[in-house]
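K.L.:
model this:
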Amino acid sequence: MKMRPGSQTGFLLCGKEWLEGDALEVRSPWDQGLVGRVTMATRADARQAVHHAVASLRRTRALPRWKRREILEDVASSLIDQKERFAQLIVAEAGKPIRLARAEVDRAVLTFKTAAEEAARLGGESIPLDLTEGNEGRWGLVQRFPVGPVLAITPFNFPLNLVAHKAAPALAAGCPLILKPAPQTPFTALALGEVILKAGWPEEAIAVLPLANTDTAWLAEKEDRIKLVSFTGSAKVGWELKANSGRKRVLLELGGNAALIIHSDSTDLDDAALRTAHSAFSYAGQSCISVQRVYVHKSIFQTFLWKLVEAAAHMNTGEPASEATEVGPLIRPEEADRVQAWVKEALDGGAKLISGGERKDSVLNPIILTGTRPGMKVRDEEVFGPVVAVEPYEDFEEALAEVNRSRYGLQAGLLTRDAGRILTAYRELEVGSLIVGDTPSWRLDPMPYGGVKDSGLGREGIRSAIEEMTEPRMLVMSGITSN
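P.N.:
So this is what the prediction gives:
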């Protein structure tokens, strides 16, 4: 599968590239130039993919652990060898700055390497059952088996690594995979599918299908042969999918409204401001753990605020292909329109613009607000843009309550040196992870990752995802004696 600028690429099904059908144009977030065209799969294609996935389950389930590990290691090696190819694809279709795109490839390598290790460790346990009279010679064995075909629905913002977070554990678990990438970023997913095939994964056990939303919903909700749906995207779509998916297992990673608390004992405010700026504004804030709300103790509030303004002013905005760029374009001009409208709503409601907001095409300069309050979209919803609200607090418990005053609960950050406050925050904050000593944007790919409330259901992170994609099965033996 070769992609040239402006060319058409087919979807992947049964190891082949299918070019016949309607084509979707993919355009650069930077200049709206044509990146390429991708053939859209149909509902009939999706049905065929499910048929092949079901038929392949016996084969993938029987793949020995050494073979699964070998395939995953080969994928990781290919990503290392093709790092620049994948990075350029990410820049072209996602508008991610090139340095961040290369970092994403590195993260995907770690994801596949970790899955290879976990595939080798995937085991079970022996359970004694001779616990009551009459059960002499009886014992049990528990092993984990693949649940069956997995449907993975992925977003645009990490078009390689968030695909890897679904593909790698599926391969490690022995599950056939049907992947539906975001319409803005299909080429990176298709290229990864090609790499997985070349590594030796069975052709009928993977399909990469750009699908219309209606066909994706049908596949997720009506096709009973799909046994697990792993979705990353908006809360509205995710919970609707969960409600309509019947008995399927559904894993949801639905984003957040990440908050950072900076207490008065934080001594290095220069470092705190720099970390906050990069957490809030890198890749134009298009991350579900991008810092959106910052609560700063009133004794250091003004000092921190102006240090943040200075740090943001030194971030380079512009063309994502430039090595210097940190803040690139939003994925579509309509998203820049939406962010601007949300900021205007806040300003009309009494918030203050401290800095930023200038726009060129789809690029917004980093926006720092204060004086926001509950009821404003920039405070309550997931902005998914280069916007941060900074507010003072007096009492630590008050700050914790403000963090929890959100329908989301993915990750939170805390800068303090007080062990008591750390333990209180760990106990009280309604989030999937608390990051102490850094911003909530910190993530290491092997760790369990997910949230509570509207932020989702279940956990990603390789071992956690493998557990979700497998089911324990009990074997009870009796009357077996050794000579």
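
K.L.:
domains in this protein, by residue range?
P.N.:
8-254+456-474, 259-444 (automatic domain parsing).

K.L.:
rounded mean pLDDT for the last one, please.
P.N.:
In other words, domain 259-444. Computed over domain 259-444, the mean pLDDT rounds to 97.

K.L.:
and that domain, how far apart are its ends?
P.N.:
18 Å (Cα to Cα, to the nearest Å).

K.L.:
what pairs with the residue nearest to Lys242 when sequence neighbours are not counted across the strands?
P.N.:
Leaving aside its chain neighbours, Lys242 sits nearest to Val250 (4.7 Å; criterion: Cβ to Cβ, 6 or more residues apart in numbering). For the C-beta atoms, the positions are set from N, CA and C on the backbone; glycine is no exception. Taking DSSP bridges, one obtains Val229 as the residues bridged to Val250.

K.L.:
tell me how far Val250 lies from Val294.
P.N.:
33 Å (Cβ to Cβ, to the nearest Å).

K.L.:
of those two, who's got more company?
P.N.:
Between Val250 and Val294, Val294 has the larger neighbour count (other Cβ atoms under 10 Å), namely 29 against 24.

K.L.:
that one belongs to a helix?
P.N.:
No: assessed with DSSP: H, G, I helix; E, B strand; the rest coil, Val294 is strand; it does not lie in a helix.

K.L.:
how about the helices in the stretch 51-200 of the chain?
P.N.:
65-81, 83-94, 98-121, 161-173, 186-198 (DSSP state H, counting those that start in this stretch).

K.L.:
which elements pack onto the shortest one?
P.N.:
If I follow you right, that is helix 83-94. Identification of packing neighbours for helix 83-94 by 3 or more Cβ pairs under 8 Å, 6 or more residues apart in numbering; DSSP states H and E yields helix 98-121, helix 186-198.

K.L.:
hang on, the earlier thing: for Thr214, find the nearest of the helices of the stretch 51-200 of the chain.
P.N.:
Thr214 sits nearest to helix 186-198 of all those, at 17.2 Å, using Cβ to Cβ.

K.L.:
could you pull out the buried residues of that closest one?
P.N.:
For helix 186-198, burial by neighbour count (16 or more other Cβ atoms under 10 Å) applies to Pro186, Phe187, Thr188, Ala189, Leu190, Ala191, Leu192, Gly193, Glu194, Val195, Ile196, Leu197.

K.L.:
contacts for the helix or strand following that helix next, please.
P.N.:
Moving toward the C-terminus from helix 186-198, the first helix or strand encountered (DSSP states H and E) is strand 206-208. In this structure, residues lying in contact with strand 206-208 by Cβ atoms under 8 Å, 6 or more residues apart in numbering are 11-14, 49, 52-53, 167, 176-179, 181, 186, 189-190, 192-193, 196-197.

K.L.:
quick one on the thing from earlier: so which of the helices and strands packed on helix 83-94 gets nearest Asn135?
P.N.:
Comparing those by Cβ to Cβ, helix 98-121 comes nearest, at 30.7 Å.

K.L.:
any buried residues in that closest one, and which?
P.N.:
98-102, 104-105, 107-119.

K.L.:
for it, what is the distance to the chain centroid?
P.N.:
Centre-to-centre, helix 98-121 and its host chain are 13 Å apart (Cα atoms, centre = their mean, to the nearest Å).

K.L.:
mean confidence for it?
P.N.:
Per-region confidence: helix 98-121 scores 97 on mean pLDDT.

K.L.:
packing partners of the helix or strand containing Phe281?
P.N.:
Using DSSP H and E, Phe281 sits in helix 269-281. Judged by 3+ Cβ pairs under 8 Å, 6+ apart, helix 269-281 is in contact with strand 259-262, helix 301-313, strand 387-393.

K.L.:
returning to that earlier point: make TSV out of the helices and strands packed on helix 83-94 and add distance to Glu221.
P.N.:
As requested, those are exported to TSV (distance: least, Cβ to Cβ, whole Å):
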stretch	distance to Glu221
helix 98-121	28
helix 186-198	22
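
K.L.:
what about those, which gets the closest to Leu305?
P.N.:
Nearest of the helices and strands packed on helix 83-94 (Cβ to Cβ): helix 98-121, 25.9 Å.

K.L.:
identify the residues contacting the spatially closest residue to Thr439 that is not a sequence neighbour.
P.N.:
Of all residues not flanking Thr439 in the chain, Ser279 sits nearest, at 3.8 Å (Cβ to Cβ, 6+ apart). Neighbour list for Ser279: Leu260, Ser290, Val291, Gly413, Thr439, Pro440, Ser441 [criterion: Cβ under 8 Å, 6+ apart].

K.L.:
cool, Ala94 as well?
P.N.:
Per Cβ under 8 Å, 6+ apart, neighbours of Ala94: Pro29, Ala101, Phe156, Asn157, Pro159, Gln184, Thr185, Thr188, Ile331.

K.L.:
cutoff 6 Å now
P.N.:
Phe156, Pro159, Thr185 (Cβ atoms under 6 Å, 6 or more residues apart in numbering).

K.L.:
residues near the last one, how many?
P.N.:
Read that as Thr185. Neighbour count for Thr185, taken as other Cβ under 10 Å: 30.

K.L.:
doesn't Val91 make contact with it?
P.N.:
No: with contact defined as Cβ atoms under 6 Å, Thr185 does not count as touching Val91 (11.0 Å).

K.L.:
what separation do you get for the residue nearest to the spatial centre of the chain and Ala108?
P.N.:
The chain has Leu162 as the residue nearest its centroid, 4.6 Å off, counting by Cα atoms, centre = their mean. Counting by Cβ to Cβ, the separation of Leu162 from Ala108 is 9 Å.

K.L.:
same thing with Ala62?
P.N.:
27 Å.

K.L.:
ditto for Gly174
P.N.:
21 Å.

K.L.:
sorry, back to before: the residue nearest to Lys242 against Glu240, yeah?
P.N.:
No: in this structure, Val250 is not within contact of Glu240 by Cβ under 6 Å, at 10.9 Å.

K.L.:
can you give me the helices in the stretch 351-483 of the chain?
P.N.:
Using DSSP H, counting those that start in this stretch, helices in the stretch 351-483 of the chain cover 377-380, 396-404, 419-428, 462-468.

K.L.:
model confidence for Ser482, exactly?
P.N.:
51.

K.L.:
run the chain-centre distance for stretch 458-466.
P.N.:
Counting by Cα atoms, centre = their mean, stretch 458-466 is centred 12 Å from the centre of its parent chain.

K.L.:
for Glu25, give me its contacts.
P.N.:
Contact partners of Glu25, counting by Cβ under 6 Å, 6+ apart, are Arg37.

K.L.:
same thing but at 7 Å, please
P.N.:
Leu34, Arg37 (Cβ atoms under 7 Å, 6 or more residues apart in numbering).

K.L.:
what about the residue nearest to Val363 when sequence neighbours are not counted, how many residues nearby?
P.N.:
Computed as Cβ to Cβ, 6+ apart, the closest residue to Val363 that is not its neighbour in sequence is Pro329, at 4.9 Å. Residues within reach of Pro329, counting by other Cβ under 10 Å, total 30.

K.L.:
and Val390, by the same measure?
P.N.:
Counted with other Cβ under 10 Å, Val390 comes out at 24.
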